[in-house]
Each structure stands twice: as C-alpha cells, then as structure tokens.
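> Here you go, sequence then predicted model.
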Amino acid sequence: MASKINEAHEHIAKAEKNLKTTMTKWKPDYDSAASEYAKAAVCFKNAKQFEQAKDAYLKEAEYHTENKALFHAAKAIEQAGMMMKDLKKMPEAIQLIEKASMMYVENGTPDTAAMALDRAGKLIEPMSLEKAVDLYQQAAGVFENEDRLRQSAELLGKASRLLVRLRRLDEAAAALQKEKNMYKDMENYPTCFKKTTAQVLVHLHRNDFVAADKCVRESYSLPGYSGSEDCVAMETLLQGYDEQDEDQVIRVCNSALIKYMDNDYAKLAISLKVPGGGGKKKPAASPGGDGAPAEEDDEYEGGLC
C-alpha cells in the first residue's frame with residue numbers, strides 16, 4: 001500500500017513538471033499532466049486512499065478541460081464520483097456524476113450521459129428514492145431527445161415504479177401515460193396492455209374511477225387489446241369496484257395476471273379497497289323465485305371486452 005502511495009506522488013510530481021513553462025516551452029503540457037494525474041488516481045485507488053484518488057481524478061479532469069478534451073474530463077469526473085461512492089458520501093458522488101453527465105451532453109455523447117445518470121440512480125436508490133426518480137427521469141429525457149424511445153421508456157418505467165412506492169400517485173399516473181405512449185409509438189402493444197393495467201390500479205388508488213375507466217376504453221384502439229386477458233380482467237375489476245363487490249375485486253387482484261406484475265403494482269392490487277367497504281354480493285334468486293342461488297360467477301364475470 002505504501003509503495004502505491006509513493007508511486008502516486010511520483011506521478012503527481014511528473015504532472016507538475018509537465019505544467020511548468022520555460023524559455024523553450026511556452027505552454028503547459030496539459031495532456032501529459034492529465035495522463036500523470038490519471039495514473040496517480042489509479043495508484044491511490046489501489047491503495048484505498050479514495051479521497052486522494054478523487055482529488056487526482058478532479059485534477060485530471062481540470063487539465064483535460066484545459067486541453068478541450070471534454071469527454072475525457074467527464075470520464076475523470078465520473079470516476080471521482082465513484083470514489084465518493086466508495087467513501088459512502090453519496091450526495092457528493094451523485095453531484096459529481098450529474099456534472100459529468102452534463103459534460104457528456106456538451107461533448108455530443110448524450111448516450112453516455114444517460115447511462116451515467118442511470119448508474120447514479122441505481123447507486124442512490126437504496127438511500128433516496130426521490131433522488132433516484134429525478135435521475136431516472138433526467139436519463140429518460142436525454143434518451144427521448146435522441147429518439148431512443150425504448151431506453152427512455154425503460155427508464156420512465158423505473159421512475160414510475162418508484163413514484164408508486166413513494167405514493168406520489170398523480171405523478172406516477174402521468175409517467176405511466178407517457179410510458180404507454182412511447183410503447184404505442186414502438187408498436188409494442190402487449191406492453192401497452194400491461195401499462196393499462198398499472199394505470200387502472202394507480203387511478204383506483206387515487207379514487208379516480210373515471211380516469212381508470214377511460215384508460216381501459218382508450219386502450220380498445222390498441223390492436224389485440226379488446227377481448228384479451230388484460231382487458232377482461234380490467235373490465236371485471238372496474239365492474240366489481242363500481243358495484244362495491246369486494247369478492248370480485250379480490251378475485252381479480254389475486255389472479256396470476258396481477259401477481260406477476262412488477263412488485264410495486266402487485267402491492268397496489270393487494271391493498272386496493274372497495275369504496276364503502278363492500279362485501280360479498282348476495283346471490284341472485286333463481287327465475288322460479290324459489291330462493292335457490294344463481295349459477296356460480298365466472299372468474300372474470302362481467303368482462304365487457
């Protein structure tokens with residue numbers, strides 16, 4: 001470890017020498033200085049001196065910037081952020097990675113910027129869902145600007161699920177609609193069906209039956225939706241919710257279709273309450289009026305698709 005630290009300081013000394021000017025060398029050699037600081041940073045990192053490694057990466061970035069090498073400067077700043085991550089200083093880590101992503105965009109490499117923001121989102125998610133949402137949405141916006149709809153939609157999906165977990169349901173509903181529109185533009189209709197189901201669950205938790213019903217009705221225009229398992233389940237769920245038939249709602253919410261959704265949406269389904277605390281509906285009398293119960297309901301009885 002000591003040898004690595006000594007080696008790092010040797011590289012820093014070389015970097016400082018490259019920055020000096022003389023009568024015959026009028027300009028500092030920023031490129032060589034940046035290279036030496038990069039080597040010093042690796043030595044510090046290997047010696048687990050993460051604070052010093054961070055400082056060396058930032059020096060590397062400074063001299064790459066002087067040399068108009070923005071991409072390399074951004075990479076060095078991102079590496080400095082990772083050193084902060086190793087020191088468990090997550091706010092500083094995320095701040096540096098966000099700065100790097102802006103430099104990637106400036107440099108004309110937006111894909112790299114979006115991927116950096118996605119990585120930052122994953123890093124901060126265990127500590128701050130709110131910040132992770134912000135980072136995923138930023139990354140989605142960068143991909144959307146580049147017409148990379150699939151990547152943008154995937155990142156919006158991450159943000160939507162976290163918004164549900166945070167109970168920011170109005171924002172989750174808006175994010176889901178945007179996701180669904182993207183998948184529609186990509187003609188990925190089966191995923192649109194799943195997004196409709198997620199929308200219905202979010203809207204019902206928002207106590208907005210009209211919006212939930214509208215989502216289903218608008219989805220009839222999607223090829224293959226009408227008559228699909230997703231459609232029948234949602235029509236049955238909405239009917240049970242509207243008629244305060246708790247048994248019917250529970251049956252749909254515990255179906256395999258819902259259980260195998262992303263966990264945040266499956267939890268929404270399990271916790272869905274029928275207005276007024278509805279109970280099991282009384283069985284209808286037989287046409288003969290003898291009080292015998294009607295036939296047992298189908299699993300998705302009442303589906304209108």
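Yep, it's here. Quantities reported herein were computed from a predicted structural model and do not represent experimental measurements.
> quick one: the closest residue to A139 other than its chain neighbours from E187, how far?
Using Cβ to Cβ, 6 or more residues apart in numbering and skipping residues adjacent in sequence, the residue nearest A139 is L117, 3.8 Å away. The way it works is simple: take the backbone N, C-alpha and C, and place the C-beta from them, glycine included. Taking Cβ to Cβ, to the nearest Å as the measure, L117 and E187 are separated by 27 Å.
> ditto for M234
From M234 to E187 the distance is 21 Å (Cβ to Cβ).
> who's in contact with E16?
A33 (Cβ atoms under 8 Å, 6 or more residues apart in numbering).
> how does it look with 10 Å?
If you count contacts by Cβ atoms under 10 Å, 6 or more residues apart in numbering, E16 has them with P28, A33, E36, Y37, K59.
> Helix or strand for the spatially closest residue to the fourth one that is not a sequence neighbour, just tell me which one.
So that's Y37. Once flanking residues are discounted, Y37 sits nearest to E60: 4.0 Å by Cβ to Cβ, 6+ apart. E60 is part of helix 50-66 when elements are defined by DSSP states H and E.
> List the buried residues of whatever helix or strand comes next after that helix.
Going down the chain from helix 50-66, the next helix or strand is helix 70-86, by DSSP H and E. Within helix 70-86, the residues that count as buried by 16 or more other Cβ atoms under 10 Å are 70, 72-85.
> per-residue confidence averaged over whichever strand or helix holds A13?
For A13, the host element (DSSP H and E) is helix 2-19. Helix 2-19 comes out with an average pLDDT of 92.
> just stretch 83-101 next, same as before
pLDDT averaged over stretch 83-101 gives 94.
> what does stretch 223-240 give?
Stretch 223-240 comes out at a mean pLDDT of 95.
> Which positions in that stretch come out as buried?
Within stretch 223-240, judged by 16+ other Cβ under 10 Å, the buried ones are 225, 228, 230-240.
> Export those to CSV and append columns for secondary structure.
As requested, these are exported to CSV (DSSP: H, G, I helix; E, B strand; the rest coil):
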residue, secondary structure
Y225, coil
S228, coil
D230, helix
C231, helix
V232, helix
A233, helix
M234, helix
E235, helix
T236, helix
L237, helix
L238, helix
Q239, helix
G240, helix
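> Could you point out the member of the residues you listed that lies closest to D208?
L238 (11.8 Å; Cβ to Cβ).
> How much space separates the closest one from A47?
62 Å.
> before we move on, what about V274?
V274 is 62 Å from A47, by Cβ to Cβ.
> which secondary structure elements does the helix holding E60 contact?
Contact analysis of helix 50-66 by 3 or more Cβ pairs under 10 Å, 6 or more residues apart in numbering; DSSP states H and E lists helix 2-19, helix 30-46, helix 70-86, helix 90-106 as its packing neighbours.
> 8 Å - rerun?
helix 2-19, helix 30-46, helix 70-86 (3 or more Cβ pairs under 8 Å, 6 or more residues apart in numbering; DSSP states H and E).
> Go ahead and name everything in contact with that helix.
Contacts for helix 50-66 (Cβ under 8 Å, 6+ apart): 8, 12, 15, 19, 28, 30-31, 33-34, 37-38, 40-42, 44-45, 70, 72-74, 76-77, 79-80, 83-84, 86-87.
> next one: stretch 146-164
With Cβ under 8 Å, 6+ apart, stretch 146-164 has contacts from 110-111, 114, 118, 121, 125, 129, 132-133, 136-137, 139-141, 143-144, 169, 171-172, 175-176, 178-179, 182-183, 185-186, 198, 202, 262, 264-265, 268.
> Narrow the residues you listed to those in helices?
Judged by DSSP state H, the contacts of stretch 146-164 include 110-111, 114, 118, 121, 129, 132-133, 136-137, 139-141, 143-144, 169, 171-172, 175-176, 178-179, 182-183, 185, 198, 202, 264-265, 268 as members of helices.
> Let's verify K48: helix, strand, or coil?
K48 ends up coil, using three-state DSSP.
> Just the local confidence number for it, please.
For K48, pLDDT reads 94.
> if we can go back for a sec, now the helices and strands packed on helix 50-66 as CSV including distance to A153?
Listed next are these as CSV, based on distance: least, Cβ to Cβ, whole Å:
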stretch, distance to A153
helix 2-19, 44
helix 30-46, 36
helix 70-86, 25
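> nearest to V105, of those helices?
helix 70-86 (9.2 Å).
> Secondary structure element holding the spatially most central residue of the chain?
The chain has K158 as the residue nearest its centroid, 2.6 Å off, counting by Cα atoms, centre = their mean. Using DSSP H and E, K158 sits within helix 149-165.
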